[in-house]
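Engineer: okay, predicted coordinates and the sequence, questions at the end:
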Amino acid sequence: MKKNIITSVKIFLIMTLLVGIIYPLFISGISLLIFSNQAEGSIIKADGKIIGSKLIGQKFISDKYFWSRPSAIDYNPYPSGASNLAPTSAKLKELYKNRKEIFARSNFVKNLKIIPNEMLFASGSGVDPHISLQSTLLQVDRISNIRNFNKTQKEELIKLIATFIENPQLGFLGESRINVLMLNMELDKIK
């Protein structure tokens, strides 16, 4: 009996060392060597200052920028999650109605049926960094007006949007999308 306990403790310590320390350090080392940017969180810096991550959505409320998808957690990545409101929830219906009115009014959208649901419902994670091309294009008039873009600058903005289209992963997983933070960073460069 005593021999079995000693053997069990030795196996436990060896496995803890192998699986709990050596293996994670080995995998972390490989990921840092091969995929250093991704392993460090795809951090984006400007002038040596961290401004965000390519993988985490941010709150853009200014009319000068493209808006991200709504977030039930105010874009805080730590308690990442959804609102968990049921389809019959009065609060969800009110949020939906308010978001639709604000988006339509701000972006000069007359036909409310063309507003993508992603701009009306919060994402499951609350920090989705992407929106669809349709959601992006619907915001062009608002941004062009607030920035006093002329016709040439507006066309330049549309061309800029096209350069940020990310295709589905592996060619078939998901849909084409645009990273809002990356696009907004380039938006300020239009003169």
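Structural biologist: Received it, and whenever you're ready, just let me know what you need.
Engineer: could you use CA atoms for every contact and neighbour count after this?
Structural biologist: Fine.
Engineer: wait, what's in contact with the most centrally placed residue in the chain?
Structural biologist: What sits nearest the mean C-alpha location of the chain, by CA atoms, centre = their mean, is residue 129, with 1.2 Å. For residue 129, the contacting residues are 54-58, 68-69, 179-181, by CA atoms under 8 Å, 6 or more residues apart in numbering.
Engineer: which one among these gets closest to residue 14?
Structural biologist: Among these, residue 55 lies closest to residue 14 (CA to CA), at 36.3 Å.
Engineer: what about the nearest residue to that closest one once chain neighbours are set aside, distance to residue 52?
Structural biologist: Closest residue in space to residue 55, ignoring its immediate chain neighbours: residue 129 at 6.0 Å, by CA to CA, 6 or more residues apart in numbering. Residue 129 sits 10 Å away from residue 52, going by CA to CA, to the nearest Å.
Engineer: need the residues touching each of those two.
Structural biologist: With CA under 8 Å, 6+ apart, residue 129 and residue 52 have common neighbours 58, 181.
Engineer: give me the helices and strands touching the helix-or-strand element of the chain with minimal mean pLDDT, please.
Structural biologist: For the chain, counting by mean pLDDT, DSSP states H and E, helix 36-39 ranks last in confidence among helices and strands (a mean of 79). For helix 36-39, the contact count by 3 or more CA pairs under 8 Å, 6 or more residues apart in numbering; DSSP states H and E identifies helix 23-34 as packing neighbours.
Engineer: keeping just the C-alphas, turn the helix it packs on into CSV.
Structural biologist: Taking C-alpha atoms only, helix 23-34 is exported to CSV below (Å, rounded to 0.1, in the frame of the first residue of the first chain):
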residue,chain,number,x,y,z
TYR,A,23,5.1,21.0,-22.7
PRO,A,24,3.4,24.5,-22.3
LEU,A,25,6.8,26.2,-22.4
PHE,A,26,7.8,24.2,-25.5
ILE,A,27,4.6,25.0,-27.4
SER,A,28,4.8,28.7,-26.3
GLY,A,29,8.4,28.9,-27.5
ILE,A,30,7.5,27.4,-30.9
SER,A,31,4.5,29.7,-31.3
LEU,A,32,6.7,32.8,-30.5
LEU,A,33,9.3,31.7,-33.1
ILE,A,34,6.9,30.8,-35.9
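Engineer: thank you kindly, that will do.
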